[in-house]
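>>> 3D, please:
(chains A, B, C and D)
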There are 2 protein chains.
Amino acid sequence: MAPTSKTNRVTIKTVAADAGVSVAAVSKVLRDAYGVSDALRARVQASMEKLNYRPHAGARAMRGRTYTLGILLPDMRNPFFADILAGVNEALERTQYQTMIGVSRSAETIEMSLIDSMIDRQMDGLIMIGPRMPPETAEAVSTRIPTAVVGYHVPQLATLDTANNDDVAGAAQVVRHLATNGYRRITMVTLAVPTKNVVVTVQRERGYREAMKERGLAQHINIVPADQTAREVQTAVRHLLESRHRPEALFCWTDMVALHALSVAKDLGLSVPGDLAIVGYDNTIYCDLAQNSLTSVDQSGQVLGLQAARLLIERIDGRQQGDHFVVSPRLVVRGSSRPRPS
Amino acid sequence: MAPTSKTNRVTIKTVAADAGVSVAAVSKVLRDAYGVSDALRARVQASMEKLNYRPHAGARAMRGRTYTLGILLPDMRNPFFADILAGVNEALERTQYQTMIGVSRSAETIEMSLIDSMIDRQMDGLIMIGPRMPPETAEAVSTRIPTAVVGYHVPQLATLDTANNDDVAGAAQVVRHLATNGYRRITMVTLAVPTKNVVVTVQRERGYREAMKERGLAQHINIVPADQTAREVQTAVRHLLESRHRPEALFCWTDMVALHALSVAKDLGLSVPGDLAIVGYDNTIYCDLAQNSLTSVDQSGQVLGLQAARLLIERIDGRQQGDHFVVSPRLVVRGSSRPRPS
DNA sequence: CTGATCGTGTAGAACGGTATACGTAGAACG
DNA sequence: CGTTCTACGTATACCGTTCTACACGATCAG
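This is a model prediction of the structure:
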């Protein structure tokens, strides 16, 4: 038996009685609704304070808003997501909204079941971060609940809002930087997902491809997919670095992969960047550690999170057309991609 | 206006009508309650399936359970917490329970407001991970909502359950290992928090102190506090490594600190472990990367999470006495603490 | 002076479930 | 054969809010 301690919960009725007004009046004060005098408001607020009243979210969910936003995260391990969350929190600081996080472990089935349970819990809106679902599904979701999405390219949709960095440009910057520093055999390590244009990795692959052609390196284009797990990544990279035509540089779709690549390189006795340059994406805190000194693309996760939250609230408040925020990525050069000794 | 689309929501009434039974009967099936025949159950379940019915969490919260557990996390950046979450998820896989995560950013005020909002949302129970609050507060929380806590030492309390590793033993293992490998000036880098015995860091400090004395190194005992932020940690470590009597080894209370220490050491041109041994705690995924090769203490986050979830559900189901799970930590030796060259 | 308008507050029906109390039919029992 | 028990279902009060409809007094326009 869950001890709901029904004995003496302070409800809206208690407050109303204490303040000597009707329940409806208290509700109005709570919702900041029209038709309350300053005097009444003050009286009610004093009572709420005194009784330490807190509205019951479940009851609220029956009719109105819950003032809770759901956040869908692919995994807990990527520190980049922490930046995004920080931005979301910043945006919500001055509002009534709270967040609840769900972790999908990058599986579409878990993703969908989490979305369902967020809807069951009457979340007012949903922020999805790098979802795995196809765009039709995303659109379907957005018709059921106001939705904003980070790291997912669907600028054509009007039913949901997006916040992205320009992944094509970011990847292109990486390639140009490496090419300028004398690297030619640049291989990209990407994520093994069904090729859908909406996913950030596919956008980065495009940027990589285009920039390689632009620099006359088309014959060196090589995109290697690897799964999310540490083992998969390491075996893929190891295989690559032990091959006869070892790449001169690796462009990894995310920092975590780049860190694994650094590890494998070190294991194989290769020096970075002497024998191999490595570049990541996201510019997470680990890049700056001296033992990594990893060149990476900063896509301002905090800004993305902040904008996504802002857009979502606008939409909850009634906006109908899609709004799509884009930030320019910025290459942060560190030791792992210093000019190639000729 | 949030589109609550009241038009055609499938409720328990719809299901009851479709199955040709009463609302109460459907509710019984939902709750797996006593007094339903197999035939009725089957019929109702078929209807629910057909109509794609999903119970409304808010409505449920008014009287019964929400089947949702709140999880309180100090921060998103420590990968150790991902292990714990994995364990919790594992434990809940076969149950009806779902989780909602809140991040307190290590601030007691945020912590308390998150707890309040979890209670407002009628969570059936709460798992707190490494909370910052004093034990009296934790006890107060546990009287309001069934609570299990990970990484928080309050074995004397009966109102809440705990899952811990033996932090004293873990720290002692580190010191003994370093001492055996020839290190004498072993300094501990800990977290700057008000000294409360319940916190893991304080327990680890105790283990460090005891083991140092045991090995006759009492005169080298040195515990340096540093805040959670990257900058604070780095300046503290830098100050330490530039001092006249530079320590021979650093025992860091968590891996993140150890990684920063590695970075500072590399910056200062110190070789690890040649000039300085470094040991962390938690054995997170980063320890195993070759560029870190960090000796660390494994406290099986997954097991802790799993046990915490198990204990919490037991308590929700009515257990009154406290249950306290303890796992033995295991030292994982890597390159950063190899024997000292004499 | 009359009716309309405005500002403020109240009453009470939802909302979608849960849980209690109770009805009923058939079986078991003496 | 009457009584009690058991198994299964139903009717309905209730949970704590929101929100629509409306009441009421004061002010204002004509």
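>>> what's the domain layout of chain A?
Domain ranges of chain A: A:9-55, A:68-165+A:300-326, A:167-299+A:331-337, per automatic domain parsing.
>>> from the chain's centre, how far out does the shortest one sit?
Between the mean C-alpha point of domain A:9-55 and the mean C-alpha point of its chain there is a distance of 38 Å (C-alpha atoms, centre = their mean, to the nearest Å).
>>> Residue A:286 contacts residue A:294, correct?
Yes: contact criterion C-beta atoms under 8 Å: residue A:286 and residue A:294 qualify, at 7.2 Å. (C-beta placed from N, C-alpha, C; glycine too.)
>>> Need the domains of chain A in TSV (columns: distance to DNA strand C).
Below are these laid out as TSV (distance: least, C-beta to the nearest atom of the strand, whole Å):
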stretch	distance to DNA strand C
domain A:9-55	3
domain A:68-165+A:300-326	9
domain A:167-299+A:331-337	33
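>>> Output those domains as JSON lines; include the columns mean pLDDT and distance to residue B:69.
Shown next, in JSON lines, are these (pLDDT from 0 to 100; distance: least, C-beta to C-beta, whole Å):
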{"stretch": "domain A:9-55", "mean pLDDT": "93", "distance to residue B:69": "20"}
{"stretch": "domain A:68-165+A:300-326", "mean pLDDT": "92", "distance to residue B:69": "12"}
{"stretch": "domain A:167-299+A:331-337", "mean pLDDT": "95", "distance to residue B:69": "26"}
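>>> which stretch among those comes nearest residue B:14?
domain A:68-165+A:300-326 (15.4 Å; C-beta to C-beta).
>>> any residue of the closest one up close to DNA strand D?
No: contact between domain A:68-165+A:300-326 and DNA strand D is absent, the nearest approach being 10.3 Å (criterion: C-beta under 7 Å from any atom of the strand).
>>> can you tell if that domain touches chain B?
Yes: counting by C-beta under 8 Å from any C-beta of the partner chain, chain B is contacted by domain A:68-165+A:300-326 at A:68, A:75-77, A:79, A:81-82, A:85, A:89, A:98-103, A:105, A:116-117, A:119-122, A:124, A:146, A:316, A:318.
>>> For that domain, measure first residue to last.
25 Å (C-alpha to C-alpha, to the nearest Å).
>>> all helices of the stretch 101-250 of chain A, in order?
Using DSSP state H, counting those that start in this stretch, the helices of the stretch 101-250 of chain A run over A:108-120, A:135-144, A:167-180, A:200-214, A:230-241.
>>> Pipe those helices into a markdown table and attach mean neighbour count per row.
Formatted as a markdown table, the helices of the stretch 101-250 of chain A follow (neighbours: other C-beta atoms under 10 Å in any protein chain shown):
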| stretch | mean neighbour count |
| --- | --- |
| helix A:108-120 | 19 |
| helix A:135-144 | 16 |
| helix A:167-180 | 22 |
| helix A:200-214 | 21 |
| helix A:230-241 | 18 |
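>>> Ok, which of those comes nearest residue A:157?
Among the helices of the stretch 101-250 of chain A, helix A:135-144 sits nearest to residue A:157 (C-beta to C-beta), with 5.8 Å.
>>> That closest one - contacts with which helices or strands?
If contacts are counted by 3 or more C-beta pairs under 8 Å, 6 or more residues apart in numbering or on different chains; DSSP states H and E, helix A:135-144 sits against helix A:108-120, strand A:125-129, strand A:147-150.
>>> Please indicate which of the residues of domain A:68-165+A:300-326 next to chain B are buried?
Neighbour-count burial (16 or more other C-beta atoms under 10 Å in any protein chain shown) is assigned, among these, to A:68, A:75-77, A:79, A:81-82, A:85, A:89, A:98-103, A:105, A:117, A:119-122, A:124, A:146, A:316.
>>> Now the residue minimising distance to the centre of chain A. Nearest residue, chain neighbours left out?
With distances taken as C-alpha atoms, centre = their mean, the residue of chain A nearest its centroid is residue A:129 (3.6 Å). Once flanking residues are discounted, residue A:129 sits nearest to residue A:150: 4.8 Å by C-beta to C-beta, 6 or more residues apart in numbering or on different chains.
>>> Kindly report the same for residue A:89.
With C-beta to C-beta, 6+ apart, the residue lying closest to residue A:89 is residue A:99, at 7.2 Å.
>>> Please apply the same query to residue A:303.
residue A:327 (5.5 Å).
>>> Now do the phi/psi pair for the one you found.
Main-chain dihedrals, residue A:327, degrees, to the nearest 10: phi -110, psi 150.
>>> any idea how far it lies from residue A:202?
Residue A:327 is 19 Å from residue A:202, where distance means C-beta to C-beta, to the nearest Å.
>>> and the residue lying farthest from the centre of chain A, what does it touch?
The C-alpha centroid of chain A is most remote from residue A:20, which lies 47.2 Å away (C-alpha atoms, centre = their mean). For residue A:20, the contact set (C-beta atoms under 8 Å, 6 or more residues apart in numbering or on different chains) comprises residue A:43.
>>> Could you check how many residues crowd around residue A:320?
Applying other C-beta atoms under 10 Å in any protein chain shown, we find 7 residues neighbouring residue A:320.
>>> One more: residue A:331?
So residue A:331, with other C-beta under 10 Å, has 18 neighbours.
>>> With the one 10 residues further on instead?
Here the number of neighbours of residue A:341 (other C-beta under 10 Å) works out to 8.
>>> Quick check: it touching residue A:274?
Yes: using C-beta under 8 Å, residue A:341 makes contact with residue A:274 at a distance of 6.8 Å.
>>> which residues are common contacts for those two?
By C-beta under 8 Å, 6+ apart, no residue touches both residue A:341 and residue A:274.
>>> Torsion angles phi and psi at the residue lying closest to residue A:287 once chain neighbours are set aside?
Computed as C-beta to C-beta, 6+ apart, the closest residue to residue A:287 that is not its neighbour in sequence is residue A:294, at 4.1 Å. Note on residue A:294: backbone dihedrals following degrees, to the nearest 10 are phi -100, psi 120.
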